[in-house]
Each structure stands twice: as C-alpha cells, then as structure tokens.
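*Asks:* Please work out how this folds:
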Amino acid sequence: MSAISRNLQAVKNNISVSAHESAREPAAVKLLAVSKTCNAQAVLEAALAGQFAFGENYEQEAIAKIAALRAERPDLALEWHFIGPIQSNKTRPIAENFDWVHTIDREKIARRLSDQRPANRPPLNVCLQINISGEDSKSGVLPEQAAELARKVAAMPHLRLRGLMAIPEPEEDPEKQRLPYRRMRQLFDELREQGLEMDTLSMGMTADMAAAIAEGATIVRVGTAIFGSRDYAK
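*Replies:* Residues are numbered from 1 along each chain as shown. The predicted model follows:
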C-alpha cells in the first residue's frame, strides 16, 4: 500500500470516528482531498485508492492538471472543486472545467461564472464563502449579508447553490474551534428556513475537522494529511 493510500485510509478513519462521536453517519461527511501544488501523478494515485473529489486553489495549475488526467485516464470520473479566491479575469476557465466552486463571495463573480458555464454541462455547484470570524484579511461575505447574496446566486440559471463554506480563524482549543462552525450551522439553518434549498456545509480541515463534523459539516477539506507537505509537489 502506498503512502497516499495509507494516509487516505487514516483520514477516512478519523472522519468515521468523529462522525460516530457526534451521532452522525460517516457517509454524511464527504472528504475533499486538497491537491493544490501536488502533481497529477499524486492525484492519480489517490484516485486509484478510491478518492474521486479533489480541491484546487490555483486556476492555472489546476487546469493543466485536469487536462493531463483527462488525457491519461479518461475512464476516471474525477470531481473537481475550486476552493481558492477567484479573480474576475479567471472565471471562464473555472466555469468551463470545474464541477464545484466553494468561494463565491460577491455577485459579480457568480454572474460571470453563470454566464460562462458551457451549455453542455450541468449547472455549476456553488457555495457562498462566509467570513464567519469577521477578519479584515479574510475573503467571504459577512453573515448578515449572506441571505441577499444567496437569493441572487440561487436565481442564476447556470449555477446551483449548494450551501456555505468557511475558513475560520485558527484556534487550538477544541471547544473554541466549534464556535464559528456552530454559527455557520445556525446561518445555514436560517437560510434554509427562508426557502433556500441547500444541502452543503463545507467546513473543517486537518486541524479542526472533528469540531466541524460535530457542528454539521458535510464536506471536509484535507490536504497535508493525505499528500504530505511537499512530498508530491509539482
């Protein structure tokens, strides 16, 4: 068994344990393997070990990787998630190549993604990025502005609003880790009560995955614990 295979199994076991401790079904928590800066071979190795959803932060790097893997293994139905900040001039390749975008934080970007989504592809699954910790340096819409943006995004013809995403301020204490995720779940529930059809809470990474799962995460984003820090860099 390769190192990536072993790492994947360990991460999935941790997800299972955290889910059971929170009285949740492990199958309700999806693992998104963050493959930014990893080469295509590392992604292929993870896919052959049973991982099919991958997260990328950098548009140019990701497009080259997606193209290489589609050419080498067209039989693999990989699911690509964009999880980095989006510049206006980079929306077209993202709209054309990705299945999910987790980082919608303004109407302009959402509108461009919708307009540029190819007609022969299903609607692009999207999440609103919420600045749940209120950090000046962090991307994301503020919680009190989320409902207005969510309604606009939900009405765009080539997007499918799936839910919310957040990257809270780092915190070592497990109980304190749960607080922003609890606020995320409350916001998620409030928006659903307002009639927005959503099913996804993308939150939690290696260091705080258990806290996020305890508060209702449906997607956790894990990179280093699977691929290592630099072992599989491009």
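*Asks:* C-alpha from now on. contacts and neighbour counts both.
*Replies:* Will do.
*Asks:* What about Ala150? Give its phi and psi, please.
*Replies:* Phi and psi for Ala150, reported as degrees, to the nearest 10, are phi -60, psi -40.
*Asks:* typed the wrong thing, it's Ala33
*Replies:* Backbone geometry at Ala33, expressed as degrees, to the nearest 10, gives phi -80, psi 120.
*Asks:* now the helices for this protein?
*Replies:* In the chain, the helices defined using DSSP state H lie at 3-21, 40-48, 59-72, 91-97, 107-116, 146-154, 174-193, 209-214, 224-227.
*Asks:* Tell me which residues touch Ile213, please.
*Replies:* By Cα atoms under 8 Å, 6 or more residues apart in numbering, the residues touching Ile213 are Ile15, Ser18, Ala19, Ser22, Val29, Gly204, Val220.
*Asks:* er, Pro93 I mean
*Replies:* Neighbouring residues of Pro93 by Cα under 8 Å, 6+ apart: Glu59, Ile63.
*Asks:* distance of it from Glu72?
*Replies:* If you measure Pro93 against Glu72 using Cα to Cα, to the nearest Å, the figure is 20 Å.
*Asks:* re the thing from before, tell me the one of the contacts of Ile213 nearest Ser2?
*Replies:* Closest approach between these and Ser2, by Cα to Cα: Ile15, at 20.1 Å.
*Asks:* ok now do the closest residue to that closest one other than its chain neighbours, which residues does it touch?
*Replies:* Take Ile15 and drop its neighbours on the chain: the residue closest to it by Cα to Cα, 6 or more residues apart in numbering is Pro26, 6.6 Å away. Counting by Cα under 8 Å, 6+ apart, Pro26 makes contact with Ile15, Ser16, Val17, Ala19, His20.
*Asks:* Kindly report the same for Asp208.
*Replies:* Per Cα under 8 Å, 6+ apart, neighbours of Asp208: Pro174, Gln177.
*Asks:* Over to Lys90?
*Replies:* When contacts are counted by Cα under 8 Å, 6+ apart, Lys90 touches Glu59.
*Asks:* roughly how far apart are it and Leu161?
*Replies:* The gap separating Lys90 from Leu161 is 20 Å, by Cα to Cα.
*Asks:* again, but for Ala68
*Replies:* 29 Å.
*Asks:* remind me which residues of the chain are low pLDDT?
*Replies:* Along the chain, the parts satisfying pLDDT under 70 run over 137, 230-234.
*Asks:* Helix 146-154 and the strand ranked longest in the chain, what's the angle between them?
*Replies:* Longest strand of the chain, by residue count under DSSP state E: strand 159-166. Orientation note: strand 159-166 sits at an angle of 150 degrees relative to helix 146-154 (axes from the mean of the first three to the mean of the last three Cα atoms, to 10 degrees).
*Asks:* List of residues touching strand 159-166?
*Replies:* Strand 159-166 is contacted from outside by 102-103, 113-114, 123-132, 140, 150, 153-154, 184, 188, 197-203, using Cα under 8 Å, 6+ apart.
*Asks:* relative to helix 174-193, how tilted is that strand?
*Replies:* 160 degrees.
*Asks:* Okay, now the sheet partners of strand 159-166, with direction.
*Replies:* According to DSSP bridges, strand 159-166 forms sheet pairs with strand 124-129 (parallel), strand 200-203 (parallel).
*Asks:* Tell me what angle it forms with helix 107-116.
*Replies:* Following the same axes, to 10 degrees, one obtains 140 degrees for the angle between strand 159-166 and helix 107-116.
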